[in-house]
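A.B. asks: Turn this into a structure:
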Amino acid sequence: MTIQIHPKENQNHQSSILLDTTTTTTTKTTNNQQQQQQQQQQQEFVRYNGWNRPFHYFQLIGWTIYIVFGFINFLLFIPNMSSSIDHHNNHNNVLPFLIYNLFIYLMHFFTHIIASTINPIDNNVLAKYSEQKQLKPKKFDRNKHEHVIENQFCYICESNVDMKSKHCSICNKCVSNFDHHCKWLNNCVGGKNYHWFVLSMITALIQALTILVTAILLIISLHVKDFMQTSKLVIVHYEFDNEGTIKIIWSIILYITLVVSTISTLLLLHLCIFHIFLNIIGESTYEFVMRQRSLLKQARQSPSTTMGKNESTSMNRQLQQTKINIGHDEQPLQREIIR
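C.D. replies: Predicted structure coming up:
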C-alpha cells in the first residue's frame, strides 16, 4: 500500500518542525542568558552590612525572640514581679527593677543595631569603592591563583589589603581584622565592629539571664502559696483571677519562656567564655579554627604510633565540638571564607 503525502501538507509539516526548532533554540538561549545574568549578579553582589537582603533566617529568629521576649517581659513578667514586690514589702521597689530591665533591653537593641550596621570592609577596598562609587568584584580564577589573597593582594576586590584581612564569600568583600561571619547579625565581624559585637553578646546574655531568673521566681510562686506574689495575675496594670484557663495559659507561657531563656543563656554564656579565651590567647575566631585544623591535619598525616592516633581522634573531637558550639553564630569555613 502506498501512502501519498500532499505537497502542501508536507510543506506545512516542515514549517511546523522548523518553528518548533526555532522556539526551542530561542528558549534555550533565553535560559542561558538568564543564568549568566544571575551568575553575574551573584558575582557582583556585595553585602555592605547586615541590612542587605537576603536576610538570614538566624537573623529573623533572633529579632523575633527579642521582640516576643520584650512583650512578655514588660507586659507580663515585670507587672507581676512588681505586684509581688509591693505586696511582700508593703512599699514601692518597682522603679529600679523596671529601669534595670529597660536599660538592658535598650542597650542590647542599640549595640545589636550598630554591630549589624557597621561595614567592616578593609580600608583599602573602601578607598577604591569611594573612588569608583561602586564595588564590582572580579570572578576568581583558581587556574591562575591558588588563593584569593596572595602577598596581601585580593584578586576579587583587586586591591591591596591589610595583613589580617580576609575575603568573605558571603559578603563578597575583604574584611579588616576578620574574626568571623555572624549569621545572627547577617554581617561580618571584624576590627571595626568587634567591640560592638561583644557588647551585643554580653547584653543579650544579661537579658536572657534576667528573664530566666524572673521566670524561675514566677514559676515557684505559681506552685508555692504565698511565696512572693498575690493570687492575682497582672497584665500591664489590669488584674485577673489566676485560676482555671488563665492559670493554664500563664503556666504554658512561663515554662516555654523558661526553656527558651535557658537555652539562650547557655549558648550565650559559652560564646562569651569562648571570646574571653580568644582575647587571652590573642587570636581571632578564624585564626583559632584554622590552627585547630592545621594541628588536626598534622596529626592525621603521622598516625603511625598509638599516641598519634589518640591525638588525632582527640583533636578531631575537639574541632567538631568547637564547630557545634560556635556553629550557630560563627562560620569561618572554607565555603564562606576564601583565603
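
A.B. asks: what are the ranges of the helices in this protein?
C.D. replies: 7-44, 57-72, 78-89, 94-117, 123-132, 194-223, 245-281, 285-301, 306-326 (DSSP state H).

A.B. asks: Could I get the buried residue list for stretch 101-117?
C.D. replies: N101, I104, Y105, M107, H108, T111, H112, A115, S116 (16 or more other C-beta atoms under 10 Å). Where C-beta positions appear, they are placed from N, C-alpha and C, glycine not excepted.

A.B. asks: Return it as CSV; C-alpha atoms alone will do.
C.D. replies: Presented in CSV, the C-alpha positions along stretch 101-117 are these (Å, rounded to 0.1, in the frame of the first residue of the first chain):
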residue,chain,number,x,y,z
ASN,A,101,15.2,45.8,82.6
LEU,A,102,14.6,48.8,80.3
PHE,A,103,18.3,49.7,80.3
ILE,A,104,19.5,46.2,79.4
TYR,A,105,16.8,45.8,76.7
LEU,A,106,17.7,49.1,75.0
MET,A,107,21.4,48.5,75.4
HIS,A,108,21.2,45.3,73.5
PHE,A,109,19.0,46.9,70.9
PHE,A,110,21.4,49.7,70.1
THR,A,111,24.6,47.6,70.3
HIS,A,112,23.0,44.9,68.0
ILE,A,113,21.9,47.6,65.6
ILE,A,114,25.3,49.2,65.5
ALA,A,115,27.1,45.9,65.1
SER,A,116,24.8,45.0,62.2
THR,A,117,25.1,48.4,60.5
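
A.B. asks: quick one: low-confidence ranges for the protein?
C.D. replies: Counting by pLDDT under 70, the ranges of the chain that qualify are 1-44, 82-94, 132-135, 225-244, 302-339.

A.B. asks: follow-up on the earlier one: closest one of the buried residues of stretch 101-117 to V46?
C.D. replies: S116 (16.0 Å; C-beta to C-beta).

A.B. asks: Could I get the CA-only coordinates of stretch 48-65 as PDB?
C.D. replies: What follows is stretch 48-65, C-alpha atoms only, in PDB (Å, rounded to 0.1, in the frame of the first residue of the first chain):
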ATOM      1  CA  TYR A  48      27.700  46.200  52.900                       C
ATOM      2  CA  ASN A  49      26.100  45.400  56.300                       C
ATOM      3  CA  GLY A  50      23.500  43.200  58.000                       C
ATOM      4  CA  TRP A  51      20.500  45.000  56.400                       C
ATOM      5  CA  ASN A  52      21.200  44.000  52.800                       C
ATOM      6  CA  ARG A  53      18.800  41.300  51.600                       C
ATOM      7  CA  PRO A  54      18.500  38.400  51.600                       C
ATOM      8  CA  PHE A  55      18.200  38.300  55.400                       C
ATOM      9  CA  HIS A  56      19.400  35.100  57.100                       C
ATOM     10  CA  TYR A  57      16.800  33.100  59.000                       C
ATOM     11  CA  PHE A  58      19.000  33.200  62.100                       C
ATOM     12  CA  GLN A  59      18.700  37.000  62.000                       C
ATOM     13  CA  LEU A  60      14.900  36.800  61.700                       C
ATOM     14  CA  ILE A  61      14.700  34.200  64.500                       C
ATOM     15  CA  GLY A  62      16.900  36.400  66.800                       C
ATOM     16  CA  TRP A  63      14.800  39.500  66.200                       C
ATOM     17  CA  THR A  64      11.600  37.500  66.700                       C
ATOM     18  CA  ILE A  65      12.800  36.100  70.100                       C
END
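
A.B. asks: Pull out the buried positions in that stretch.
C.D. replies: For stretch 48-65, by 16+ other C-beta under 10 Å, it's Y48, N49, G50, H56, Q59, G62.

A.B. asks: Could you dump those into TSV and include distance to L267?
C.D. replies: TSV is the format used below for the buried residues of stretch 48-65 (distance: C-beta to C-beta, whole Å):
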residue	distance to L267
Y48	28
N49	24
G50	19
H56	17
Q59	16
G62	11
